[in-house]
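Undergrad: Just need the structure, nothing else, for what follows:
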Amino acid sequence: MDSKYSEVDSEKLDGLTHIDSGEIFALDIQKLSIEEAWNMLSENHEITKGKKPNVVILDDVLSDEKNAYEFFEALAIILSDGGTLVVNESNDFSTATLNKLANDHDLEVVDIEKSQDQIRWYLKHKGMYPVSPTVVQVMGEEESS
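TA: Purely as a prediction, here's the structure:
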């Protein structure tokens, strides 16, 4: 798998919630293998220089990801302890599916923002942030439909 990622400029972070204030190191990731995730922790890595990002953004990548389990393992490796994983997908992707995948990697969905054709999920390492009532509501709606 060819890894594809880049550092995010501050404009792309405008309007995002659940991101701690202070110094932000954000990556936009399209593909990432477990091996590359471990390589990113090296001080010699050209982008990360061994620093874990505290914001990772995924834009419409999960529905095309062939090995989502491995992809999430790699994301969990690189995301800093208090970091936020922001997942933007079309409305046809399930919150329950995403939360199961996240839980398998010690992450959890903590909030959701919905628009007409897009859902934005905020994920954190388990227990690092309270889960919004919106998450419970959306999962209940999905379950009953």
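
Undergrad: Now S42: which helix or strand?
TA: Assessed by DSSP states H and E, S42 sits outside every helix and strand.

Undergrad: A76 versus the most centrally placed residue in the chain, what's the distance?
TA: In the chain, the centroid-proximal residue (CA atoms, centre = their mean) is L85; its distance is 2.7 Å. Computed as CB to CB, to the nearest Å, the L85 to A76 distance reads 9 Å. In short, each C-beta sits where N, CA and C put it, glycine included.

Undergrad: Could I get the full set of strands for this protein?
TA: 4-7, 26-31, 55-59, 84-90, 107-114, 118-125 (DSSP state E).

Undergrad: quick one: buried residues of the fourth one?
TA: With burial defined by 16 or more other CB atoms under 10 Å, the residues of strand 84-90 counted as buried are T84, L85, V86, V87, N88, E89.

Undergrad: quick one on the thing from earlier: I'd like the distance from the nearest residue to the residue nearest to the centre of the chain once chain neighbours are set aside to A74, if you could.
TA: Using CB to CB, 6 or more residues apart in numbering and skipping the chain neighbours, the partner closest in space to L85 is L123 (4.1 Å). Taking CB to CB as the measure, L123 and A74 are separated by 14 Å.
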